[in-house]
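A.B. asks: coordinates for the following, if possible.
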Amino acid sequence: MAFELPPLPYAKNALASNGMCEETLELHHGKHHQAYVTALNGFVEKDPNLQGKSLEEIIKLSNNKPDMAPVFNNAGQHWNHTLFWPAMSPNSGGKIPGRLESKLNEDFGGVDKFKEAFKTAAVGQFGSGWAWLVLGTDGKLKVTKTPNGSNPLATGEGTALLGIDVWEHSYYLDFRNRRPDYVQNWLDKLANYEFAESKLG
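C.D. replies: The predicted model follows:
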């Protein structure tokens, strides 16, 4: 069973008024994410050891194995983007639902402190990569970052609630080289905090 590109949970122009234009989504979802899926399917087709395995199993199997780096990168990026699309919403407007807000207050000392920590991680990720809001294995929320196609599933840091893509293709058309502005806008206008709360369990 081949892996497939998941459909966007909103129209391609739905995020434009919130700072992510239609062209960004067309390129990012339709070209970049599709390319990861296509490449991953090509690797699976050629390797009987990967056939019949779930995406999560492939990520864990290929993690930290230099000879499987291309498999890991494409599997990781497929997993990352599959979380990235629903982690944004045209209707979020930065509203944080009560249960998540209480948890952010408890674990970070406030929503603003969480946003500050998240922005620091996202802006401070050198080169390409991701920043994450994770529910750690200890039950506490934390912010982490990963390079390239890695993610909290691979690092074993817990359950990813939100992830922001800081590869340049995710923001260059809208923000040019201003990654801090992209991250701030994402936190304030795009992040789907209801989705994050639903993953708290």
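A.B. asks: tell me, how many residues neighbour residue 99?
C.D. replies: By other Cβ atoms under 10 Å, the residues close to residue 99 number 11. (Glycine included, C-beta is placed from N, CA and C.)
A.B. asks: how far away is it from residue 140?
C.D. replies: Look at residue 99 and residue 140: by Cβ to Cβ, to the nearest Å, they are 15 Å apart.
A.B. asks: with residue 61 instead?
C.D. replies: 28 Å.
A.B. asks: report the central residue of this structure.
C.D. replies: Central residue of the chain (Cα atoms, centre = their mean): residue 163, 3.3 Å from the mean position.
A.B. asks: can you give me phi and psi for it?
C.D. replies: In terms of degrees, to the nearest 10, the main-chain angles of residue 163 are phi -140, psi 130.
A.B. asks: check contacts around it.
C.D. replies: By Cβ atoms under 8 Å, 6 or more residues apart in numbering, residue 163 lies in contact with 80, 83-84, 87, 130-133, 151.
A.B. asks: quick check: bridge partners of it?
C.D. replies: Beta bridges link residue 163 to residue 132 when assigned by DSSP bridges.
A.B. asks: show me this structure divided up by domain.
C.D. replies: 21-84, 98-198 (automatic domain parsing).
A.B. asks: what's the closest of those to residue 10?
C.D. replies: Closest to residue 10 of the domains of the chain, according to Cβ to Cβ: domain 21-84, at 9.0 Å.
A.B. asks: host element of the residue lying farthest from the centre of the chain?
C.D. replies: Residue farthest from the centre of the chain, counting by Cα atoms, centre = their mean, is residue 48 at 28.6 Å. Using DSSP states H and E, residue 48 sits in no helix or strand.
A.B. asks: coming back round to it: from the contacts of residue 163, pick the one nearest residue 9.
C.D. replies: Among the contacts of residue 163, and counting by Cβ to Cβ, the member closest to residue 9 is residue 87, at 9.9 Å.
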